[in-house]
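Asker: Output the structure for:
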Amino acid sequence: MINIEFPEDSGFELMPPDKYACSVFDAVVQESKSSGEPYIAWQFKVLEGDFEGRILFYNTSLQRQALWKLRQLLEAMGEEVGAKFKLDLESTFGRKVLVETGVREFNGREREEVKNVY
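Answerer: I've put the predicted structure just below:
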């Protein structure tokens, strides 16, 4: 048996709302638990500063009415997006973007959230 006492402070410092230079670290298509619709779950890695290496999470829905958000992200990565576009997620890994963060409450705790990507 192992006795464990968890500290109240997790030692996880909340990133202040700001703009951070990041690169695409990972992206995978997943299915929403609530709607059953597909979305892309993105991970961005902070490239510099006090939070270098921190991973930020961002989702873009693949539903027709929300594709503007995916287009905005792809254009921020330097893609020229036409009416039709083939997306190879792995080709986005390492692409640099500027990520604007904010803070929101999730499950009773404050968390970083990606507000915008440039």
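Asker: Backbone dihedrals for residue 50, both of them.
Answerer: The phi/psi pair for residue 50 (degrees, to the nearest 10) reads phi -60, psi -20.
Asker: any chance you could map the strands in the chain?
Answerer: In the chain, strands defined by DSSP state E lie at 19-31, 38-46, 55-61, 96-106, 109-117, listed in chain order.
Asker: hey, which of those is tucked in deepest?
Answerer: Mean neighbour count (mean count of other CB atoms under 10 Å) peaks for strand 38-46 among these, with a mean of 18. In this view, the C-beta of every residue, glycine as well, is placed from N, C-alpha and C.
Asker: circling back to that earlier point, now render the strands of the chain as JSON lines, adding distance to residue 74 and mean pLDDT.
Answerer: JSON lines is the format used below for the strands of the chain (distance: least, CB to CB, whole Å; pLDDT from 0 to 100):
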{"stretch": "strand 19-31", "distance to residue 74": "11", "mean pLDDT": "98"}
{"stretch": "strand 38-46", "distance to residue 74": "10", "mean pLDDT": "98"}
{"stretch": "strand 55-61", "distance to residue 74": "9", "mean pLDDT": "97"}
{"stretch": "strand 96-106", "distance to residue 74": "10", "mean pLDDT": "96"}
{"stretch": "strand 109-117", "distance to residue 74": "10", "mean pLDDT": "94"}
